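Student: Following is a predicted model, sequence given first.
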Amino acid sequence: SSHLTIDTSDTPVLVKVTSATSATTRSKSSGIEKTTTKMKSNTVRWAIHGIVTELFHNVVLRTLSRVRTSRLFTSKHLRLEIQNAQRFRQSPKGEIAVVTGATGGIGSQMAHDLAFRGYDVVVAARDAVRGEALVKEIQGVLKVTPIVKESSSESCGEDDLDLLLPTISFVQYHADRPQSALDVASSIKELGSPLTVLINNAGIMGKSKQLTMKVNLIGPAMLTFALLPLMTKAANESKCTTTPTVINVGSSAHLRATESFTLGESGDGDDDRSWINTLPDTADDDLSIYAQSKLALMQFSTLLRHYLPESSDDYPPVRIFDAHPGLVWTPLLRNHIGDAAVGTLTKTGLANLIYKSSTEGAQALVAALDSPPSAVKTEEQVYFVNGRSGGYAASESVSIDASLRLWKYVIAPAVVGVIELPQGWGLDGKGRS
């Protein structure tokens, strides 16, 4: 009788447990199905608006442009004039431009371009040997390049600047080390000139998943926060010709990314761990984390546009832009696809057909820098692709809710308490404004 009573009293409990377990299983299964469906949808989005669109631009539109150009310059005499045309540079501005990951590809091209525009260029990169070599290379080219006659000698810095050459310098920068961002800021402060341009170009792909997020997202976030005080100070310099501008270098790969910045299932927000530390420390072979890091960088741009303090009446706001260079034949890409693929693409001529040169890829960044300044703060995203604004960006990249989750689970745990946030920054460590 006693035994039957125990069985009878336990039966409802067993039924409840089984029912709850089934509900949890169904919930997890539903979540996995939704995530899988979202991944497939985003992959299609990336294939259409990313790969196909970029191939059409590189293969079809560039070819047509080259044909038109060759027809225009059929005269041998005119071709020789173009080949022998003298390149000019602008006189020094007395303004600093920082380029991360500047020792190769697009970063190197931008360092050259900015130097020719008269900026004091700071080459920020890991490899000191290559960094110093790039500094000497740029200095050598500048010395034999005349200043354009129309270039103004008025500068933003001291009046006794050497009007012959801008300053080109190297500073070692490790995007995966928080202290490195502070060291870069200290070095730039010592230079004395106003800082008006920051190009967050450094990035990796196919490496450790944790390292990929640290280099591609946390590094730019740390450096931006470290340099913003210098940029806002430069905004108040009446002689500066450049509105302080931050350009985050993106990728169409962000179109295939799916957001999963959560810790556990409770969502109570009491877990101070970074989502990055929950990633397996394995290679990002399918580049899914690379894609996520590029989406996250655009969401960081969204946070900056919304939560940086308003500018005063005395100076314009710091501009925040996203720029995607396109399919570019960079060292980063070549290192990822391997020597065999590089050899095949080069020998067959496909590399030149399919991919842009670093010079062509840099045009998106140049267009962002050259865009007309605004006298008011704007929270709208301006995404530059193929040398112009209006590129196709994922809706998630401008979602405030998604960007706040990124701040709460990924960026804040890595930066809050490590680096001083901008005065008037509109978010706390939990993503509350």
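Tutor: Nice, thanks for sending it over.

Student: Got the confidence number for residue 424?
Tutor: At residue 424, the model reports a pLDDT of 77.

Student: Look up phi and psi at the residue nearest to residue 208 when sequence neighbours are not counted.
Tutor: In space, and not counting its chain neighbours, residue 208 is closest to residue 281: 5.6 Å by C-beta to C-beta, 6 or more residues apart in numbering. C-beta: built from backbone N, CA, C; applies to glycine. Residue 281 adopts backbone torsions of phi -80, psi 60, taken as degrees, to the nearest 10.

Student: which residues touch residue 281?
Tutor: 208, 209, 210 (C-beta atoms under 8 Å, 6 or more residues apart in numbering).

Student: Let me know the distance separating it from residue 126.
Tutor: Here the criterion is C-beta to C-beta, to the nearest Å. By it, residue 281 lies 20 Å from residue 126.

Student: same deal with residue 236?
Tutor: Distance from residue 236 to residue 126, by C-beta to C-beta: 33 Å.

Student: More neighbours: which of these two?
Tutor: residue 126 (18 against 14; other C-beta atoms under 10 Å).

Student: What are the buried residues along stretch 38-55?
Tutor: For stretch 38-55, burial by neighbour count (16 or more other C-beta atoms under 10 Å) applies to 42, 43, 45, 46, 49, 50, 53, 54.

Student: Residue 99 falls within a strand, correct?
Tutor: Yes: under DSSP: H, G, I helix; E, B strand; the rest coil, residue 99 sits within a strand.

Student: What is the subsequent helix or strand relative to the lowest-mean-pLDDT helix or strand in the chain?
Tutor: The weakest-scoring helix or strand in the chain, judged by mean pLDDT, DSSP states H and E, is helix 2-46 (a mean of 54). Downstream of helix 2-46, the next assigned helix or strand under DSSP states H and E is helix 53-55.

Student: Show me how far that next one is from its chain's centre.
Tutor: In terms of C-alpha atoms, centre = their mean, to the nearest Å, the centre of helix 53-55 is set 20 Å apart from its chain centre.

Student: Stretch 357-364 too?
Tutor: Remark: stretch 357-364 is offset 15 Å from the chain centroid, using C-alpha atoms, centre = their mean.

Student: same check, this time on stretch 220-231
Tutor: Distance of stretch 220-231 from its chain centroid, counting by C-alpha atoms, centre = their mean, is 14 Å.

Student: Can I get it as PDB, trimmed to CA atoms?
Tutor: Extracted in PDB, the C-alpha atoms of stretch 220-231 (Å, rounded to 0.1, in the frame of the first residue of the first chain):
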ATOM      1  CA  PRO A 220      39.600  49.100 -33.500                       C
ATOM      2  CA  ALA A 221      37.200  49.900 -30.600                       C
ATOM      3  CA  MET A 222      40.100  50.300 -28.100                       C
ATOM      4  CA  LEU A 223      42.100  52.400 -30.500                       C
ATOM      5  CA  THR A 224      39.200  54.600 -31.400                       C
ATOM      6  CA  PHE A 225      38.300  55.300 -27.800                       C
ATOM      7  CA  ALA A 226      42.000  56.000 -27.000                       C
ATOM      8  CA  LEU A 227      42.300  58.500 -29.900                       C
ATOM      9  CA  LEU A 228      38.900  60.200 -29.700                       C
ATOM     10  CA  PRO A 229      40.000  62.800 -27.100                       C
ATOM     11  CA  LEU A 230      42.800  63.900 -29.500                       C
ATOM     12  CA  MET A 231      40.300  64.000 -32.400                       C
END
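
Student: List the buried residues for that stretch?
Tutor: Buried residues in stretch 220-231 (16+ other C-beta under 10 Å): 220, 221, 222, 223, 224, 225, 226, 227, 228, 230, 231.

Student: Could you do stretch 233-248 as well?
Tutor: Here stretch 233-248 shows 234, 235, 237, 240, 241, 242, 243, 244, 245, 246, 247, 248 as buried, counting by 16+ other C-beta under 10 Å.

Student: Need the three-state assignment for residue 199.
Tutor: Going by three-state DSSP: residue 199 is strand.

Student: So it is in contact with residue 96, correct?
Tutor: No: using C-beta atoms under 8 Å, residue 199 makes no contact with residue 96, being 11.7 Å away.

Student: dump the residue contacts of the closest residue to residue 328 other than its chain neighbours.
Tutor: Of all residues not flanking residue 328 in the chain, residue 361 sits nearest, at 3.6 Å (C-beta to C-beta, 6+ apart). Residues in contact with residue 361 (C-beta under 8 Å, 6+ apart) are 105, 106, 109, 325, 326, 328, 330.

Student: And for residue 88?
Tutor: Residue 88 neighbours (C-beta under 8 Å, 6+ apart): 145, 146, 147, 148, 151.

Student: Next: residue 240.
Tutor: Taking C-beta under 8 Å, 6+ apart, one finds 93, 95, 156, 194, 196, 234 in contact with residue 240.

Student: Narrow the residues you listed to those in helices?
Tutor: By the criterion of DSSP state H, membership of the contacts of residue 240 in helices covers residue 234.

Student: which of the contacts of residue 240 lies closest to residue 395?
Tutor: The closest of the contacts of residue 240 to residue 395 turns out to be residue 196 (C-beta to C-beta; 31.3 Å).

Student: How much space separates that closest one from residue 246?
Tutor: From residue 196 to residue 246 the distance is 10 Å (C-beta to C-beta).

Student: Quickly list what's touching both of these two.
Tutor: Joint contacts of residue 196 and residue 246 (C-beta under 8 Å, 6+ apart) are residue 231.

Student: Show me how far stretch 39-49 is from its chain's centre.
Tutor: How far stretch 39-49 lies from its chain's middle: 21 Å, per C-alpha atoms, centre = their mean.

Student: My read is that residue 298 contacts residue 393, right?
Tutor: Yes: when contacts are counted by C-beta under 8 Å, residue 298 is listed as touching residue 393 (6.8 Å).

Student: Touching both of these two, which residues are there?
Tutor: Counting by C-beta under 8 Å, 6+ apart, the residues touching both residue 298 and residue 393 are 254, 322, 381, 383.

Student: Mind listing what's buried along stretch 344-360?
Tutor: Buried residues in stretch 344-360, counting neighbours by 16+ other C-beta under 10 Å, are found at 345, 351, 355, 356, 358, 360.
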